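> Below is the sequence, then the predicted model.
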Amino acid sequence: MSGDAGTGREEPRMSDETTPGHRYTAELAGEIEARWQRAWEDQGTYHAPNPVGPLRGEVPEDKLFVQDMFPYPSGAGLHVGHPLGFIGTDVFARYHRMTGRNVLHTMGFDAFGLPAEQYAVQTGQHPRVTTEANIDTYLRQIRRLGLGHDERRRISTIDPGYYRWTQWIFLQIFNSYYDAEQGKARPIERLVERFASGDRTWDGKTWAQLSKAEREKVLNEHRLVYLSDAPVNWAPGLGTVVSNEEVTAEGRTERGNMPVFRRNLRQWMMRITAYGDRLIDDLDRLDWPEKVKSMQRNWIGRSHGAHVDFAVGEHEITVFTTRPDTLFGATYVVLAPEHELVEALVPAEWPAGTDERWTGGAATPAEAVAAYRRAASTKSELERQENKEKTGVFTGAFAVNPVNDERVPVFIADYVLASYGTGAIMAVPAQDQRDWDFATVFGLPIRRTVQPPEGFDGEAFTGDGPAVNSGFLDGMDVAEAKKAVISWLEEHGRGRGTINFKLRDWLFSRQRYWGEPFPIVYDEDGTPVAVPESMLPVELPEVDDYSPRTFDPEDADSEPSPPLSRATDWITVELDLGDGPKTYRRDANTMPNWAGSCWYQLRYVDPTDTESFCAPENERYWLGPQPSHGPGDPGGVDLYIGGVEHAVLHLLYSRFWQKVLYDLGHVSGEEPYRKLFNQGYIQAYAYVDKRGVYVPAAEVVERDGKHFFGDEEVRQEYGKMGKSLKNVVTPDEMCDQYGADTFRLYEMSMGPMEVSRPWATKDVVGAQRFLQRLWRNVVDEETGQVRVQDADPDEATLRLLHKTIAGVHDDYANMRYNTAGAKLIELNNHLTKNFPDGAPRAVAEAVVPMLAPLCPHVAEELWAKLGHGESLAHGPFPTADDRYLVEDTVEYPIQVNGKVRARVTVAASATQDEVKSAALAEEKVAALVGTTTPRKVIVVPGRLVNIVL
RNA sequence: GCCCCCGUAGCCCAACAGGCAGAGGCAGCCCCCUUAAAAGGGGUGGAGUGCCGGUUCGAAUCCGGUCGGGGGCACCA
C-alpha cells in the first residue's frame, strides 16, 4: 500500500486521566475489534459448509450466496469509498446468517492485469511479487473492517490452481460449436460426426478426403472460440489489441486512453454472437436494475429486419434494413468504404451524364473510389463521428431494386458502417433522416412510401402510416407491409427476414505478459491444437522483459509483438499429443483480464477442488435454480453487489460463459447472478488554489461559506477520491480514529446503498457517540461492570422495542441499513432517557443482536458481557411479538378542508362511524363546523379524518 | 440530438401503497459536568418538499410543463 495512509493526520484519541477507564473510545474499540477478529478466525466462525468435498459439512436447505464484485488489488490501497459495497454485503450476509441461513460470503482477487504489468516493466520486478504484496495489503485493510468472509474460499486468478480451470473452460468452449437447431452449444465431436456421415463437401472433397489441416479450417468456422483475421482494435500505444467493449465512444482505449486502429490481425475470437438472443431474452428472468438491463439490450442491439439482394451486373449486394416496407422508396444504395465488393463494381468510365457532385472531381470512378477510401481509412473513429456532414462518392455502378426493377446508383459513404449489418444499405431518404441528408447533398430523388399525417412539415418521416407509391403494399400500415414484403422477397428469392445484432464476437487475445496463457499449441501446419487437460495448467514462463513492444500511439501500421513470443525456450515445445513426440509452437498471446472473472463465483463455491472446477452438488446447492424463486428461475448468486461500471463488460462476458457451461452440462444454472445491485459511490470534495494546484483537502477550513487553505481562499470541486486530488481518506485512518464498527455504521448511515454521496469525516462522530451511549446503557464506564437491570421493562418500552425489531428486520432484508441504524438509535435514545441506571436486560439482549450486522465487534463484546458464551454470528436475532405491535388506541388528526385542526383519540377497534362521530364531536371541530352539515367526511382507518365543509 | 434517474432544514438523509412533512446523524443554539477543554452528558429552534400548473376531500408522493444536477447511448440502417 502507499506508505502515507494514516500518517500525519489526527492521532487516535487516547484516553487521558479524566476519561473513564471503560468508555467506548477508539482505543477500546480497536482492542475489542482485534480480539474478535482473531477469535472469529480461530473458530472459523464464517465457514460455510458445502454439500460435498473438502469443505463438506451439515448444510441447511436455506442458503444464501452473497458476492462482491471481484476486486483488483491496486497498489494504491483502499480509500473509504471502496468498502461501501463490501460492508453492505457483509451486513446483509450477517443478518441472514443470524436468522439461520447457510451464508456464503468471501472475497478473492482479480489479479492479472495491466497496472501490475506496467509497474513490473518500470521496476523490473516480477508482477507476481508486486501483485502478491498488494493482495497482502488489501487483505490487511479489509480484515480490520470485520468482514465475515469464509477465508478458506479466498481465490486469486493468478494462482495456477485457479487459472488451470480458466484454461480448462477455454478448452470446453474451444471444443464446442453452436447448434442453431437445438439453440445450444454442443461438443465439436458431434459436428465432426455429422460431417463424417453426411454428404456435405468442401471444394468438392468429402470430409474423409480432407486433410487434418483442412478439417481444422472447417471446424474453425464453427468453434465457439476461433482464430480470425477480421479487423480488430489495435492500440499501438499499448502494444495490444482490445475488445469492442474496451473501446470508448471516442475511439480510444478505456485503459490508457490510447488511439485505436482497425487492423486485420490473426486473433482469438469468442463467438458470443451465437448467444445474442439468449443474452437478451434471459435478461427478463433476472432481478437486475433496469438501467443495467437496458444497457445490455442496447449493447447487444438486436433488430428485426430483412436482407434484400440488389443485383449489380453479375454481382449482388445484400443490404440489411429494418424497414423492408419502404423498399419502393429506395432511390440509391450505399456501401461502406471498406465493403469487399467495391472494387469489383467499379466500371472504367463514368456513365454518361454523371452528376458532377457525385464524382469527387475524379476522372474515373476507380480514382474517385480510391481517393475516398484512402481518406476514410486515415480518419480516426472520432473524426468519423464528429463530422456528421454526409460525404461519399458514386461508384459508377447501378443496382436493380428487386421489387420494381428500378436502376439506382451505388455510392460508397462513410456514414455506412462496415461492421454493422452487411456493411451495405438501401437508402430511403423519405423515411430516414440520414439518407435524406445524403440525398439532399447529392441531389438524389426522394420518394415518400409512407404517407405522413396531415400537417407534417419535417423531412424524413419515420412514423407509422399507410404505404403509398409502393405497388402491392399500398394502403398497408408499416407492420403489415413489412410482413408482406418479406414474404414476397422470400418467395422470389430476393431476400429474407432476418435478425441483426450490434454485438460483435469477443476479441479474446491480448499481447501482454500478465495474463492466462492459452492452452493451445500449433503444429507444423500452423493448425491450433488443444493442450490435453492432463497438461494443464500451461504456466506463465519467466521472462526478462514483461513489456510488449509498444509503438508511437499513432503508428497504425505497427505489428503486435507479445512478450511471450520472446520466451524462446517456452514457445517451442516437444509434446506427444497422440501421434508421437513432435515439436509444437505455443500461442504467445494471453487471455484478456475478463477471463478470470467470468466464472469466479463457481470457484468460490468449491475453491480447493482439484478434480473439477466445481463439484456439481456444490454448484447446484449454491448456484442452481431454486424452487422458491418460482419456475423459470435461472439460478445464480443470490445477491451480487458492485458498481454500475461493469454493466456491459464483465456482466455480459460472465453470462456468456455461464450459458456455454450450462449447455455443455457442467452447471445447472443458466445465469451467474440472479440479483444484481449497484451501490452508489462515495465521492469527496477537492480544493484547488489560484495556480490550479490541488491542496490537501484535510487541511482546508470553511469560513462563511468560503474555503481556505491557510489564508488563501481555494476553490471547491466535487468528484472522485484520489491521490492526485489530495482528498483521499482511508479506512485505516477511520479505524484508528474511531474504530471499525463506528466506520461501518457511519458508511451505512450515510444514505441508502444505491445513492452516491459526499464523504464527511466530521460526521463520523455521530456514529461513535451512538455506540458510546449504547455501551454506557449496558456497561459501567468507571468499573467496566455490566449495569443492566433485571426488572421487567414497562409497556411503552416494550412497544417501542417490538416496533423496532419488526422495523429492523424489514430494513435489513431490504438493504435499508440507514433506516435500520436510525431505528436502533431511536430505541437507544429512549433507553438513555428512561433508564439512567442501565437498560433493562430484556431490552439490552435484543438491541445488541440487532446491532450485530452493522457493528459486529462491539455487539459480540456486549453479548459476551451479558453472559453469553456463544458468538452472535449465528444468532439469535430477536423476533417481534405481535402483541406489542397493535395499539389499543389510535390518535386521529382531524382535518377540516385539508388542514389539521384538532386531534381525537379513539379505541383502535372503533368503527369508521364511531371515529366520524368522535371527530365531529371534538370541540374545536364542532366550532368550525357550526350548524352546517359537512359535505363529506372521509375516514381513513388508522390514519386521519378529513371533514369537507 | 435521444433515453433514464434525482432535486425535502445550512449539510447527509427519513416519510409503508396519495393521508399529521421529520426517524436518525452533522453543524447551530441553551444548559450540565469540568481548573480548562471536548470527539462527555441533557435539551432545543429550524424546511412546506427546485419552480409553474393540473387531478384529488387531501400531493413530497400521481400527471403535464419548466429549471438545475447526474448517468447511458449517439450516423447501428
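Happy to help now that I have it.

> can you give me the strands in the stretch 201-350 of chain A?
Using DSSP state E, counting those that start in this stretch, the strands of the stretch 201-350 of chain A run over residues A:201-202, A:205-206, A:225-228, A:231-235, A:240-242, A:261-264, A:267-270, A:302-312, A:315-321, A:332-335.

> Let's have those strands in a markdown table, adding distance to A:Leu279, mean pLDDT and mean neighbour count.
All C-beta atoms are positioned from the backbone trio N, CA, C, and that covers glycine. Formatted as a markdown table, the strands of the stretch 201-350 of chain A follow (distance: least, CB to CB, whole Å; pLDDT from 0 to 100; neighbours: other CB atoms under 10 Å):
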| stretch | distance to A:Leu279 | mean pLDDT | mean neighbour count |
| --- | --- | --- | --- |
| strand A:201-202 | 31 | 90 | 13 |
| strand A:205-206 | 36 | 92 | 12 |
| strand A:225-228 | 17 | 94 | 20 |
| strand A:231-235 | 21 | 82 | 22 |
| strand A:240-242 | 21 | 84 | 24 |
| strand A:261-264 | 25 | 79 | 17 |
| strand A:267-270 | 13 | 94 | 24 |
| strand A:302-312 | 9 | 93 | 19 |
| strand A:315-321 | 20 | 95 | 19 |
| strand A:332-335 | 30 | 96 | 26 |
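
> Let's have these in CSV, adding distance to A:Gln511.
Below are the strands of the stretch 201-350 of chain A laid out as CSV (distance: least, CB to CB, whole Å):
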stretch, distance to A:Gln511
strand A:201-202, 32
strand A:205-206, 36
strand A:225-228, 15
strand A:231-235, 10
strand A:240-242, 4
strand A:261-264, 12
strand A:267-270, 9
strand A:302-312, 32
strand A:315-321, 33
strand A:332-335, 32
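
> how about those in TSV, adding distance to RNA strand B?
Shown next, in TSV, are these (distance: least, CB to the nearest atom of the strand, whole Å):
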stretch	distance to RNA strand B
strand A:201-202	31
strand A:205-206	36
strand A:225-228	19
strand A:231-235	13
strand A:240-242	15
strand A:261-264	13
strand A:267-270	18
strand A:302-312	4
strand A:315-321	4
strand A:332-335	8
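
> Out of these, which gets nearest to A:Asp150?
Taking CB to CB, strand A:267-270 is the member of the strands of the stretch 201-350 of chain A nearest to A:Asp150, at 31.5 Å.

> That closest one pairs with which strands, and in what direction?
strand A:225-228 (antiparallel), strand A:506-507 (antiparallel) (DSSP bridges).

> Which SSE is immediately downstream of the shortest one?
This points to strand A:506-507. Scanning forward in sequence from strand A:506-507 by DSSP states H and E, the next helix or strand is strand A:520-522.

> helices or strands up against the helix or strand following that next one?
Once the chain leaves strand A:520-522, the next helix or strand it forms, by DSSP H and E, is strand A:528-530. Here strand A:528-530 touches strand A:520-522, going by 3 or more CB pairs under 8 Å, 6 or more residues apart in numbering; DSSP states H and E.

> For chain A, which residue gets nearest to RNA strand B?
Using CB to the nearest atom of the strand, the single residue of chain A nearest to RNA strand B is A:Gly766, 2.1 Å away.

> could you say which helix or strand contains that residue?
helix A:764-778.

> Kindly report the same for A:Ala375.
Per DSSP H and E: helix A:365-378 holds A:Ala375.

> got it, and A:Tyr653?
Here A:Tyr653 is assigned to helix A:649-663, by DSSP H and E.

> For the next helix or strand after that helix, what is the distance to the chain centroid?
Proceeding N to C from helix A:649-663, the next assigned helix or strand is strand A:676-678, under DSSP H and E. A distance of 8 Å separates the C-alpha centroid of strand A:676-678 from that of its chain, computed with CA atoms, centre = their mean, to the nearest Å.

> hang on, the earlier thing: from the contact counts, what lies against the helix holding A:Gly766?
For helix A:764-778, the packing partners by 3+ CB pairs under 8 Å, 6+ apart are helix A:740-749, helix A:817-834, helix A:841-851, helix A:856-865.

> For the stretch 451-600 of chain A, what lies in contact range of RNA strand B?
Counting by CB under 7 Å from any atom of the strand, the stretch 451-600 of chain A comes close to RNA strand B at A:500, A:502.

> what ranges do the strands span in the stretch 451-600 of chain A?
Under DSSP E, counting those that start in this stretch, the stretch 451-600 of chain A gives strands at A:495-501, A:506-507, A:520-522, A:528-530, A:572-576, A:581-586.

> With mean pLDDT and mean neighbour count as extra columns, can I get the ones you listed in CSV?
Shown next, in CSV, are the strands of the stretch 451-600 of chain A (pLDDT from 0 to 100; neighbours: other CB atoms under 10 Å):
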stretch, mean pLDDT, mean neighbour count
strand A:495-501, 92, 17
strand A:506-507, 91, 21
strand A:520-522, 96, 20
strand A:528-530, 94, 19
strand A:572-576, 93, 12
strand A:581-586, 94, 15
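
> Quick one: closest of those strands to A:Ala880.
strand A:506-507 (50.4 Å).

> in stretch A:623-637, what counts as buried?
A:623-626, A:629, A:633-637 (16 or more other CB atoms under 10 Å).

> same thing with stretch A:927-945?
For stretch A:927-945, the neighbour count (16+ other CB under 10 Å) marks A:928-929, A:934, A:937, A:939, A:944-945 as buried.

> Could you identify the most distant pair in the residues you listed?
Among these, A:Leu928 and A:Val939 lie farthest apart (CB to CB), at 17.2 Å.

> And the average pLDDT for the helix or strand harbouring A:Gly807 is what?
If you go by DSSP H and E, A:Gly807 is part of helix A:795-813. Regarding helix A:795-813, the rounded mean pLDDT is 94.

> likewise stretch A:736-752?
The pLDDT scores in stretch A:736-752 average 94.

> buried ones in the helix holding A:Gly807?
Buried, per 16+ other CB under 10 Å, within helix A:795-813: A:797-809, A:811-812.

> follow-up on the earlier one: my read is that the residue of chain A closest to RNA strand B contacts A:Thr742, right?
No - using CB atoms under 8 Å, A:Gly766 is not in contact with A:Thr742, being 9.3 Å away.

> These two: which has the busier surroundings?
Remark: of A:Gly766 and A:Thr742, A:Thr742 carries more neighbours, 26 against 13, as counted by other CB atoms under 10 Å.

> where in the stretch 501-650 of chain A is pLDDT low?
Nowhere does the stretch 501-650 of chain A drop to pLDDT under 70.

> which SS class is A:Tyr163?
Counting by DSSP: H, G, I helix; E, B strand; the rest coil, the backbone at A:Tyr163 sits in helix.

> Give the closest residue to it in space, chain neighbours not counted.
A:Glu516 (4.6 Å; CB to CB, 6 or more residues apart in numbering).

> residues in contact with that neighbour?
Neighbouring residues of A:Glu516 by CB atoms under 8 Å, 6 or more residues apart in numbering: A:112, A:157, A:163, A:166-167, A:170, A:590-591, A:595-596.

> Narrow the residues you listed to those that are buried.
A:112, A:157, A:163, A:166-167, A:170, A:590-591, A:595-596.

> Point to the helix or strand of chain A where mean pLDDT is at its lowest.
helix A:381-386 (a mean of 62; mean pLDDT, DSSP states H and E).

> Check which element follows that one along the chain.
Next element after helix A:381-386 (DSSP H and E): strand A:393-400.

> check whether whatever helix or strand comes next after that next one contacts RNA strand B.
With elements assigned by DSSP H and E, the helix or strand that comes after strand A:393-400 is strand A:407-412. No - Strand A:407-412 lies out of reach of RNA strand B by CB under 7 Å from any atom of the strand, never closer than 11.6 Å.

> quick one: strands adjacent to strand A:407-412?
strand A:332-335 (parallel), strand A:393-400 (antiparallel).
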